[in-house]
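K.L.:
Prediction below, plus the sequence it came from.
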Amino acid sequence: QVQLVESGGGLVQAGGSLRLSCAASGRTFSSSAMGWFRKAPGKEREFVAVINWSGGFTDYADSVKGRFTISRVNAKNTVYLQMNGLKPEDTAVYYCNFVSNWGTKQPYDYWGQGTQVTVSS
C-alpha cells in the first residue's frame, strides 16, 4: 500500500523560503522517479518538479525554475522541495508522488494529504 506523507508547509511572506518533505512508502523508492505537484484553489493540480531515482536528473515547471530545488535521500525514502523566493502565486496545497512517466511527468493515481503553503504579499 502506497503512503505519501507531506510536511513542512506554512504561512510565509513573499520572498521567503520553505522546505517541504515527503516520506514515501509502498513502492521501491530508490528506483522510482519522484515528483512534487500543487493544487491552488479553483485550479487543476499541476506539475512542479521531478527527480530521477538517483537524484542525478531533475526537471522543473517554468514557473518555479531558479527558485525551487528538488532533492532526495534514498536511505530515508524521502524527497524534499526547497522553495526560495516565494510568490503569492505559489500558494497551493503541495503533494508528492511517484512518477510513472518522466516525459509527461505523469503521477500515479494515489495522493497523500498534502501540505498547505500560503504566501502573503
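P.N.:
Cool, got the structure. Owing to the predicted nature of the structure, the values given are computational and were not obtained by experimental measurement.
K.L.:
Residue 34 bridge partners, please.
P.N.:
residue 51, residue 98 (DSSP bridges).
K.L.:
So it is in contact with residue 100, correct?
P.N.:
No. Proximity of residue 34 to residue 100 does not meet the contact threshold set by CB atoms under 8 Å, at 11.2 Å. In short, each C-beta sits where N, CA and C put it, glycine included.
K.L.:
okay, those two: which has more neighbours?
P.N.:
Between residue 34 and residue 100, residue 34 has the larger neighbour count (other CB atoms under 10 Å), namely 28 against 14.
K.L.:
Can you tell me which residue is spatially central in this structure?
P.N.:
Nearest residue to the geometric centre of the chain (CA atoms, centre = their mean): residue 36, 2.2 Å.
K.L.:
show me where the chain has strands.
P.N.:
Along the chain, counting by DSSP state E, strands occupy 3-7, 10-13, 18-25, 33-39, 46-51, 58-60, 68-73, 78-83, 92-101, 106-107, 115-120.
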